[in-house]
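K.L.:
Generate coordinates for the sequence data below:
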Amino acid sequence: MPHSLHVVLVEPEIPQNTGSIGRLCLATGSTLHLVEPLGFEITDSQLKRAGLDYWEHLKVVKHSHLEAFLKAIPIDTPKVFFSKKSGHILFEHRFEPGTYLIFGKETAGLPESLINAHTTETVRIPLYDARVRSLNLSNAVSIAVYEAIRQLGA
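P.N.:
Numbering: from 1, shown residues only. Reported below is the predicted structural model:
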């Protein structure tokens, strides 16, 4: 794939979201990174149902914890962190091939310290109705992946 995107889920909690995101990654040629601890087992039937029979074809990289993941990628690797607290909007960001799209767990998002350390690389997906607190994780990942692909012309 010309875009070589990486989707990173930090401590995902809901197997159905991870299964759907796995299917998205396979469909788009993206690599899925799972940062432990996970809120489920990879063998969870709900994850398998959401990912259907695609899971075995998916490129999945597991990391034992957030620090291990961050140390595993080169320092100059393009990274985008997602947080509803960011002042930067997703559509203003210019993606590069090989970008790591980094998402936090469903109930808490990414750690505040990580967001604060990467303010210029952190974006949010705009919400146009204040009654909506956030988007479902699998929806957010889909929006981000396809925006990156759109920009990269893949």
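K.L.:
excluding its backbone neighbours, what's nearest Ile14?
P.N.:
Of all residues not flanking Ile14 in the chain, Glu106 sits nearest, at 5.5 Å (C-beta to C-beta, 6 or more residues apart in numbering). In short, each C-beta sits where N, CA and C put it, glycine included.
K.L.:
what's near enough to touch the one you found?
P.N.:
Neighbour list for Glu106: 12-14, 17, 137 [criterion: C-beta atoms under 8 Å, 6 or more residues apart in numbering].
K.L.:
The residues you listed: which two are farthest apart?
P.N.:
Glu13 and Leu137 (8.9 Å; C-beta to C-beta).
K.L.:
Who has more neighbours out of the two?
P.N.:
For Glu13 versus Leu137, the count of surrounding residues by other C-beta atoms under 10 Å is larger for Leu137: 23 against 16.
K.L.:
so what pLDDT did the more buried one get?
P.N.:
Listed pLDDT for Leu137 reads 96.
K.L.:
buried sites along the helix or strand hosting Leu70?
P.N.:
Here Leu70, judged by DSSP states H and E, is contained in helix 66-72. Neighbour counts over helix 66-72 (16 or more other C-beta atoms under 10 Å) mark 66, 69-70 as buried.
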